[in-house]
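[1] Could you work out the structure for the sequence below:
(one chain, ligands or ions: 1)
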Amino acid sequence: MNPEEFKQALAAKGITLDAHQMAQFATYYRLLIETNRQFNLTTITDEADVYLKHFYDSITPAFYVAALREQPLTICDVGAGAGFPSLPLKIAFPKLQVTIVDSLNKRINFLNELITALDLTGVQTFHDRAETFAGKKSVHRESYDLVTARAVARLSVLSELCLPLVKVGGQMVALKAANARTETAEGDYAVQQLGGQLSADEAFTLPETGDARHIVVIDKKRPSPKRYPRKPGTPAKQPLTAPE
Ligand SMILES: C[S@@+](CC[C@H](N)C(=O)[O-])C[C@H]1O[C@@H](n2cnc3c(N)ncnc32)[C@H](O)[C@@H]1O
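    Below you'll find the predicted structure:
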């Protein structure tokens, strides 16, 4: 998907990008590739692949989550890495207020340079682990309308990292690939424990490749118990599962 095809594919979904936004995506691509020569940000480097598998893929939640098009909205992107999905969403929907948390400082440094180069306002970054960032004394806890995550952990783990950050009445949005249905079944207990409820699992395929994708939406119904998230590393080592 070249840049023009990217623009047209989004226009077909009712998302229009002007020349300034297209220039921002071009700068994003250039900086991603330049920085990727110094340290690993992505294995996807071909321009058409980046526009499809990073930029377009990151914007797909807006096809299904109406709130993303309603502004103002606060989003926290857990484990954003090189900025996915939150920065393509921010470029497409400039009024979004975006907070990024990632445990790898090199990636946060890259994001800070990128945010300056793209002249984005309303984006803040934190070098932290989600387990501490969402801790019981944190000002970030239960404060975001939406919490997004792509390629960070399976749902049973991810819900412990993300749901404590979501306001009651807000949503967690996970971008998933082919195994989403297994993950939602396996993660249901954790979701419930953390005050969430599965609201939608939207299945679709990426244009051109036909790769399976799911947008999994979890509604935050009740506050997350204070004991979650557990200490860094524990959610991944001992995912919440139903007692035998
Ligand atoms: C595979 S990368 C995915 C990056 C990006 N979301 C994407 O889709 O391209 C996973 C990212 O999550 C971060 N990460 C993993 N566990 C984390 C945690 N507990 N708290 C914060 N960041 C975490 C890693 O540092 C890494 O940048």
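[2] buried stuff in the helix or strand bottoming out on mean pLDDT in the chain?
    Least confident helix or strand, the chain: helix 180-193 with a mean of 92, by mean pLDDT, DSSP states H and E. For helix 180-193, a neighbour-count test (16 or more other C-beta atoms under 10 Å) marks 180, 183-184, 186-193 as buried. To be clear about C-beta, it is placed using only N, CA and C from the backbone, and glycine gets the same treatment.
[3] repeat for stretch 203-218
    206, 213-218.
[4] and it, average pLDDT?
    On average, the pLDDT along stretch 203-218 is 96.
[5] helix/strand/coil for the nearest residue to Pro72 once chain neighbours are set aside?
    With C-beta to C-beta, 6 or more residues apart in numbering as the criterion, Pro72 has its nearest non-adjacent residue at 5.7 Å, and that residue is Lys95. Following DSSP: H, G, I helix; E, B strand; the rest coil, we place Lys95 in the coil state.
[6] for this structure, what spans make up the strands?
    With strands called from DSSP state E, the chain shows them at 74-78, 97-102, 123-127, 144-150, 166-176, 196-205, 212-220.
[7] Give the bridge partners for Thr125, please.
    Here Thr125 sits in beta bridges with Ile100, as judged by DSSP bridges.
[8] which ones are touching it?
    Residues near Thr125 by C-beta atoms under 8 Å, 6 or more residues apart in numbering: 99-102, 108, 111-112, 115.
[9] Please apply the same query to Val216.
    155, 173-176, 180, 183-184, 198, 200-202.
[10] Skipping its backbone neighbours, what lies nearest it in space?
    Per C-beta to C-beta, 6+ apart, closest to Val216 is Ala174, 4.3 Å.
[11] Correct me if wrong: that neighbour contacts Leu155.
    Yes: assessed by C-beta atoms under 8 Å, Ala174 is found in contact with Leu155 at 6.3 Å.
[12] What distance do you get for the residue nearest to Pro72 to the ligand?
    22 Å (C-beta to the nearest ligand atom, to the nearest Å).
[13] Can you pull the residues of the protein lying near the ligand?
    Proximity of the chain to the ligand (C-beta under 6 Å from any ligand atom) is limited to residues 78-82, 84, 101-104, 107, 129-131, 150-152, 161.
[14] Now that we have the residues you listed, which of them are buried?
    78-82, 84, 101-103, 107, 129-131, 150, 152, 161.
[15] packing partners for the least confident helix or strand of the chain?
    Applying 3 or more C-beta pairs under 8 Å, 6 or more residues apart in numbering; DSSP states H and E, we find helix 180-193 packed against helix 155-162, strand 196-205, strand 212-220.
[16] Including distance to Glu5, could those go into JSON lines?
    Below are these laid out as JSON lines (distance: least, C-beta to C-beta, whole Å):
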{"stretch": "helix 155-162", "distance to Glu5": "31"}
{"stretch": "strand 196-205", "distance to Glu5": "16"}
{"stretch": "strand 212-220", "distance to Glu5": "18"}
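[17] Of the contacts of Thr125, keep whichever come out buried.
    Counted by 16+ other C-beta under 10 Å, these give 99-102, 108, 111, 115 as buried.
[18] Need the nearest residue in space to Pro235, chain neighbours excluded.
    Glu160 (4.1 Å).
[19] Tabulate the buried residues of helix 180-193 (TSV), appending distance to Lys231.
    Converted to TSV, the buried residues of helix 180-193 look like this (distance: C-beta to C-beta, whole Å):
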residue	distance to Lys231
Ala180	28
Glu183	23
Thr184	26
Glu186	22
Gly187	20
Asp188	24
Tyr189	20
Ala190	16
Val191	20
Gln192	22
Gln193	17
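[20] before we move on, the earlier item: tell me which of the buried ones among the residues of the chain next to the ligand is nearest to Thr60?
    Of all those, Thr60 sits closest to Arg150, with 9.9 Å by C-beta to C-beta.
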